[in-house]
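In: build me a structure from this.
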Amino acid sequence: NQLVETNLDVSSDYGCGSSTSQVIEIYPVPNANFSFNKVCLGTPTDFSSTSSNIYPIVYDWNFDDGTANGSTNQLSHLYSVSDTFDVRLIITSAYSCVDTAIKSVLVKPLPSPNFVFNLACYGESTLFTDSSSISSGSINSFLWNFDDLSNSIDQNPIHQYMMEGTYNVNLSVTSVLNCTADTTIPVVVHPMPTANFTFTEACLFQDVVFNNTSSISDLSILNYHWDFSDGDTSLLENPQHAYNSFGMKSVKLIAKSIANCIDSVSKYVEVFPLPTVDAGIDTSVSQGFEVQLFGYGIGATNFSWSPS
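Out: Numbers count the residues shown, from 1 in each chain. Below you'll find the model as predicted:
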């Protein structure tokens, strides 16, 4: 503190004069100032007074968000929204000398992570699509953890699971202001059916009998679609089908699980032509006599006459 002596001299119109003096104590003015850290929404902002050391001192913090004021030299404050706030610190010394500091405090927006994915089947590729958002600014980095010891930094990655089951997929996103948030969503990888079948050989116009041997690990119900490559199809598990032309016929079986996982298999079925038969010309014979009959069959290997 500084002591200053002041003098006052007065005189009247008659030439009379007098004087007096007084000692005035001048108190120092505090210098208000503070520091703070730049944070993302959801993390408390730490405030610390860096005001001049004049004790005792009273602190009055106003956080510009309608909440109660603070009264200590160091404190933390959690903002409920991302925005720029004009924080004010008023300090008052023991001698009622006052100073004020005002600074703009930015609470950076936190990204809101989210994603969707298409059907996940064992052994098939699954597309993960980022649907994260942020109130202002942009998201510039992505980190995926697929819960099978693999990850990706692509925004919309494609991943193939090699075992069925449930995987807790985590997506962590970071904004251009370096704010990070993450979310975890369970992804069910469904079992994949194995399509297969056997069949009997058949001749033209005769039924080919198909035996469905498709399977799935969880023994759930499968749906089937047969394509016989001649315009006919079937939804039966074990159909029969007759062809009206001979040759090699491509048959495709599609097996679909209740989770819509699909497998297919195609095989060639040979349809044999019917032999061309001719028993010769009509003839007559007297009872008790023999007659020689001449017949032929193109493509035939066995012959049977009736009556014999």
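In: list the contacts for the closest residue to residue 259 other than its chain neighbours?
Out: Distances taken as CB to CB, 6 or more residues apart in numbering place residue 190 nearest to residue 259, at 3.9 Å, with adjacent residues excluded. For every residue, glycine as well, the C-beta is placed using N, CA and C. Going by CB atoms under 8 Å, 6 or more residues apart in numbering, residue 190 touches 119-122, 164, 257, 259, 261.
In: let's see it at 6 Å
Out: 121, 259, 261 (CB atoms under 6 Å, 6 or more residues apart in numbering).
In: over to residue 131?
Out: 114-116 are the contacts of residue 131 under CB under 6 Å, 6+ apart.
In: ok, now with 10 Å
Out: Going by CB atoms under 10 Å, 6 or more residues apart in numbering, residue 131 touches 112-116, 156, 171.
In: what about the residue lying closest to it once chain neighbours are set aside, neighbour count?
Out: Of all residues not flanking residue 131 in the chain, residue 114 sits nearest, at 4.7 Å (CB to CB, 6+ apart). Here the count is done by other CB atoms under 10 Å, and residue 114 has 14 residues near it.
In: residue 114 contacts residue 183, correct?
Out: Yes. Between residue 114 and residue 183 a contact is recorded at 6.1 Å, counting by CB atoms under 10 Å.
In: where do the contact lists of the two overlap?
Out: 132, 171, 173.
In: can I get the residues you listed in TSV with secondary structure?
Out: Output for the shared contacts of residue 114 and residue 183, formatted as TSV (DSSP: H, G, I helix; E, B strand; the rest coil):
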residue	secondary structure
132	coil
171	strand
173	strand
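In: which of the residues you listed lies closest to residue 97?
Out: residue 173 (49.3 Å; CB to CB).
In: let me see the contact set for that closest one.
Out: By CB under 10 Å, 6+ apart, the contact list for residue 173 reads 110-115, 130, 132-134, 139-144, 155, 179-183.
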